[in-house]
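**Q** next input, structure requested:
(one chain, ligands or ions: 2)
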Amino acid sequence: MNAPLPVHTLNDGTTLPAIGFGTYPLKDEECVAAVVSAVDAGYRLIDTAVNYGNERAVGEAIRRSGVPRGELVVTSKLPGRAHAYDDAVASVRGSLEALGLDRIDLHLIHWPNPSVGKYAEAYRALVDLQAEGLVRTVGVSNFTEAHLERVLDDTGVTPAVNQVELHPYFPQVEMRAVHERLGIRTESWSPLGKRQAPFAEPVVAEAAARHGVTPGQVVLRWQLQLGNVPIPKSATPERQRQNLDVLGFELSAEEVAAITGLGRADGRLFGGDPDTHEEM
Ligand SMILES: NC(=O)C1=CN([C@@H]2O[C@H](COP(=O)(O)OP(=O)(O)OC[C@H]3O[C@@H](n4cnc5c(N)ncnc54)[C@H](OP(=O)(O)O)[C@@H]3O)[C@@H](O)[C@H]2O)C=CC1
Ligand SMILES: O=C(O)C(=O)[C@@H](O)[C@H](O)C(=O)CO
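**A** Ligands and ions are numbered 1, 2, ... in the order given. Predicted structure coming up:
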């Protein structure tokens, strides 16, 4: 097991491990086994969602892991079909029941779902559930600057986290600046680039050779040096360990800039533009 991970202090005073574990599209026993081995490897931040259909498996893995509950940061997400206030409250209660927990550490609105037009209502529900103690930290996912400003104006509560698509082909330079200005921690989904991983790009492969690490480790180290919290998914224990083992080397400022330079306007993995993409 690696040394304990560094943590970030969020704008609500709670902490978030510097790397987390993604669980989509793991299901059932494969999910339980992957999360148990991830926790054993040292992951303490686990990312699930109602729409992944694996909250029960994640809850089972947490119980099997033997790690004290207080050491884990469990994230779940509200689906687009549950943005109306009462539906949002019911969805969070459903997640608690499925996970077998009495509190969710970080609850996000999964997508803003513009056609529903109720993400601000959903956000108010999460803020109220935080006051009740059922949710520790309130955050969002796939929010643009306008969505962030809207919920902030509405409630006076800044989301602690915005989980967005972020990898070398889509480095989100503008959104990271918005987060910096508002005091929001950036979490990176598909942090390795998933099926379009940039592992063969010369700037990544050459940095890996220079530092004696794998291309995946270079990409995750790039994430860390930008202050992002990556949540890589792997069903493979060896890769899970490798993805955590990124504290023992440092990329130069030039290497970081060159990887960010891989960004391109059409770099999104599947066209998930939050202003138009709908996921119920
Ligand atoms: N909020 C949102 O809208 C979204 C959130 N997410 C979250 O983000 C998480 C991570 O994103 P995801 O889309 O899974 O993409 P990732 O960038 O984490 O890539 C996962 C893929 O990379 C492979 N992989 C993992 N580690 C390595 C490695 N070291 N070397 C080579 N290949 C590797 C995995 O295969 P294998 O398992 O075989 O190792 C898997 O195929 C999700 O699991 C989910 O929790 C994802 C999409 C949207
Ligand atoms: O994994 C997630 O959180 C998602 O939102 C996914 O459904 C994502 O949209 C995807 O992988 C679609 O192909």
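**Q** in this structure, which spans are strands?
**A** Ranges of strands in the chain, per DSSP state E, are 7-9, 15-17, 21-22, 45-47, 73-78, 104-109, 135-141, 161-165, 185-189, 229-230.
**Q** note down every partner strand of the fourth one and its orientation.
**A** Under the criterion DSSP bridges, strand 45-47 sits next to strand 21-22 (parallel), strand 73-78 (parallel) in its sheet.
**Q** just name the most buried of those.
**A** Most buried of those by mean neighbour count (mean count of other CB atoms under 10 Å) is strand 21-22; its value is a mean of 28. In this view, the C-beta of every residue, glycine as well, is placed from N, C-alpha and C.
**Q** quick one: contacts of it?
**A** With CB atoms under 8 Å, 6 or more residues apart in numbering as the test, strand 21-22 has contacts from Val35, Ala38, Val39, Tyr43, Leu45, Ile46, Asp47, Trp189, Ile231, Pro232, Lys233, Gln240.
**Q** thought the last one was touching Ala38?
**A** Yes: look at Gln240 against Ala38 with CB atoms under 8 Å: they come within range, at 5.0 Å.
**Q** quick revisit: to Val58, which of the strands of the chain lies closest?
**A** Within the strands of the chain, the stretch nearest Val58 is strand 45-47; the backing value is 6.1 Å (CB to CB).
**Q** in the closest one, what counts as buried?
**A** With burial defined by 16 or more other CB atoms under 10 Å, the residues of strand 45-47 counted as buried are Leu45, Ile46, Asp47.
**Q** is ligand 1 within reach of that strand?
**A** Yes: part of strand 45-47 sits close enough to ligand 1 to count as contact by CB under 6 Å from any ligand atom, namely Asp47.
**Q** that strand and ligand 2 in contact?
**A** No: interface with ligand 2: strand 45-47 contributes nothing (CB under 6 Å from any ligand atom), its closest point being 8.3 Å away.
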